[in-house]
Structure formats: C-alpha cells, structure tokens
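>>> please work out how this folds:
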Amino acid sequence: MDFELSSEQKDIRQAAREFALGELKDIAGSCDQNETFPSELIKKAGELGFLGVFIDEAYGGAGLGFLEHAIILEEFWRVDPGLGQQLCSVSFGAEEFLLFGTEEQKEKFLPPVAEGKSIMGFAITEPDAGSDTLSASTAAVLEGDEYRINGNKVMIGNGSEGNFILVFCLTDPEEKRRSRRHSIIIVETDRPGYEADPLHGKMGLRASNTANIFLSDVRVPKENLVGKRGNGFSQLMAFFDRSRAYVAAHGVGLSQGALDQAIDHIRSREQFGRKLGSFQSTQFKIADMATKIELARTLAHKACTLLDQGKGDTDITAMAKMYSARTAVEVVDEALQLHGGYGYFNEQDIERFYRAAKVLEIYEGAKEVEKMIIGRNTIGKL
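Sure thing, here's the model as predicted:
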C-alpha cells in the first residue's frame, strides 16, 4: 500500500496549483459578487489539459484517472470553490459516454469538452424529485425516429451555459420495476423548445452557472439515447459512484484553502500582546483541522484509486464524499472563528469559502443518502 503520489501526479498537482493561483485567485471575489465566470478560463484550462482528464486520449482527453482529476480539482477549490466548481462542471457527466455511449457519441461530444470548446451538464433534479431520482417525471416519448421530451429540471449546472445536456428522462412509465423506467438522453441546448432560466442569489458557488430547465416538445433523434433504454437509473448510479469520489476532493480543497487562510491570519494577528498562533487553544484548533483534512484526503484518494484500478467501491466512495463534505463545513467554521469579526466581511476570502461549504453536504447525494448507502451495505440484507 503506497500513500505517496507519483512524480507525475506531483507535477500535475503543482501545475494545477500554479494555474489556480495565477488565473483564479485575483478574480475570485469579483466573480462571486457579480455571479459571473470568464469563458476564457475554460479555454485556457482546456489548452493546458485540466478538463476531464479521465477522458480517454482517443477522445481528446489526457487519458489519466480519477485520482489525477481529484488532485486537480482539490487545487482549484483550494484557491476558490466557485471557479473550481465551474471548471469541474464542464465535463460533468462525461462518464456516461465513456461507460455507455456509442463510438459515434464519444467521438462527437467528448473531444470539444476536453479541449474547452464545449460545455456539458447533467439534468437530473426536478421540483419533486431530488434525492428520490426514481420519481423524475420529465417524459421522453419515442415517435418514429425521434424522442419528444417534455418536463422541468431544476438547479442544473450549466443549464443556461451548456452546449448540450444529458437529461434523465422517464421513457417507460408502464414498466413494473421503477428502476427500469428511465433513460438518459442527450439534448443540444439550441434545439427548439429548450429554455433555461439562470438562478441567482445562491448562498455560495456564485461564479458557477446554475439554472432551471424547461423542455417543451423538444425533439432529438433516437440516436441521442445514451446506453440502453430503461437502463437510466443503473447508469446514473454508476456515474455517482465516480463523480462522488472526486466531489470528495472539492471538500478537501475547500478545507485546505480555509486552513491556509486561518494559518496566514493567526501568524500575523496579535491579541493580548501575542500572535494568535502562539496560544495553545489556537494550536489545538489547527491540529484538529489538519487531521480532519488529512483523513478526508486519504479517503478521497482511496476512492479514486480503487476506481482507477477497476475496483470501485460504492461504500468507500460514499464515505469519502460524506466525510469530506462534513470536514469542509467544520474546518471552514473554525477557520472563520479564528478570523474573528474580520472573517464576517467579504473582504476576507474565508467569508466566501464559508458560504460555499454547505452545498457539499447537499448536492451529488445529500449526506443522509450517503449514510443510507453505507448503513444498508454495512448491515446487509435483513
């Protein structure tokens, strides 16, 4: 068992760190306040090979693994969660093509994503179907050689910025097994009937695009079906078993960034004639924060490594995602506490990090869902 990154992985981490510091840090605050994202960043990231690095070389990607993807995202989130999220979301759902797509679909849709020339998204959540994905009612009816899609998706990443969106649709409502009623279909966002309403006023991650999607008689060719009809739920679970592993790295990166800021503050700030960092109580806080981060990072790296070895473990991935999200919430809370009143104003980056942390316990599987997965599998069938 080797916990050391390879020299190549260390180089990737350093390159991602330099990119984040050079391209994200200075604009992070204004992008958050204005709820904007400079599109040229995606092009730069694509040119440097930072987008969807798990995509095979044959389809324009770097041909690396989920561990390398996680390493990159940790460094992005360490500098800014909002911009880091947007750069991650460019390839969000690409796994569906790699696992279940046809050769034609892979060749058409994946290279532009990896190169930063196209943005995708994955529309799953609905007003009455959040964690309960099997209640999704957006319907796709096959009529001749086309699917006609009607429905509403909410809180969708890149909903109003993406070039195409994967849509989790109800295709077989009469199927007795609920798990065999849905399919995943590609919808290009320039098709008639596709509308998106950008959402504003998010608590955090304001630089990333989120929108509500409305599909009104949107027609797509039947060739836009990804994988098998009626197999959408199992395909979706296969995606979550991968995405949650590197979303765990989001929590690690946010936590590390919060710890970095706390350390900078306590090294310079004085109270009672002493540096804050010299107080034992402060040192104890830092020790607890650093330990939690290291544990979260180890779990996240294990989850990604198992995936890269073809031994993906749903429980380990759920543990990594749940624990890293909780760590982010706890660490950023302590980091802001160490900043005192200064941390309560947006002149300090820690305020932005604090707002961003909570969503990690909600999206990509709420913490209750992760606990349910872990609990059920640990106890076994009753």
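
>>> how about the secondary structure of E347?
coil (DSSP: H, G, I helix; E, B strand; the rest coil).

>>> what is the burial count for it?
By other C-beta atoms under 10 Å, the residues close to E347 number 9. (Glycine included, C-beta is placed from N, CA and C.)

>>> that one and F97: what is the separation?
With the distance defined as C-beta to C-beta, to the nearest Å, E347 ends up 43 Å from F97.

>>> which SSE is S183 in?
Using DSSP states H and E, S183 sits in strand 182-188.

>>> quick check: can you name the pairing partners of that strand and their directions?
strand 164-170 (antiparallel), strand 225-226 (antiparallel) (DSSP bridges).

>>> right, and the helix or strand after the last one?
Same thing as strand 225-226. Going down the chain from strand 225-226, the next helix or strand is helix 232-268, by DSSP H and E.

>>> quick one: that next one to strand 182-188, angle?
Orientation check (axes from the mean of the first three to the mean of the last three C-alpha atoms, to 10 degrees): helix 232-268 against strand 182-188 gives 70 degrees.

>>> okay, now the domains of the chain?
Listed domain ranges for the chain are 7-114, 120-230, 234-379 (source: automatic domain parsing).

>>> need those domains in a markdown table (columns: distance to M1 and mean pLDDT).
Listed next are the domains of the chain as a markdown table, based on distance: least, C-beta to C-beta, whole Å; pLDDT from 0 to 100:
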| stretch | distance to M1 | mean pLDDT |
| --- | --- | --- |
| domain 7-114 | 14 | 97 |
| domain 120-230 | 34 | 97 |
| domain 234-379 | 10 | 96 |
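
>>> neighbouring contacts of the strand holding S183?
Contact partners of strand 182-188, identified using C-beta atoms under 8 Å, 6 or more residues apart in numbering, comprise 96, 100, 105, 109, 123, 133-134, 136, 140, 147, 149, 163-172, 194, 215, 218, 220, 224-233, 235-236.

>>> only the buried subset of these, as a ChimeraX command please.
Typed into ChimeraX, the line below selects the buried ones among the contacts of strand 182-188, using 16 or more other C-beta atoms under 10 Å:
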select :96,100,105,109,123,133,136,140,147,149,163,164,165,166,167,168,169,170,171,172,194,215,218,220,224,225,226,227,229,230,231,232,233,235,236
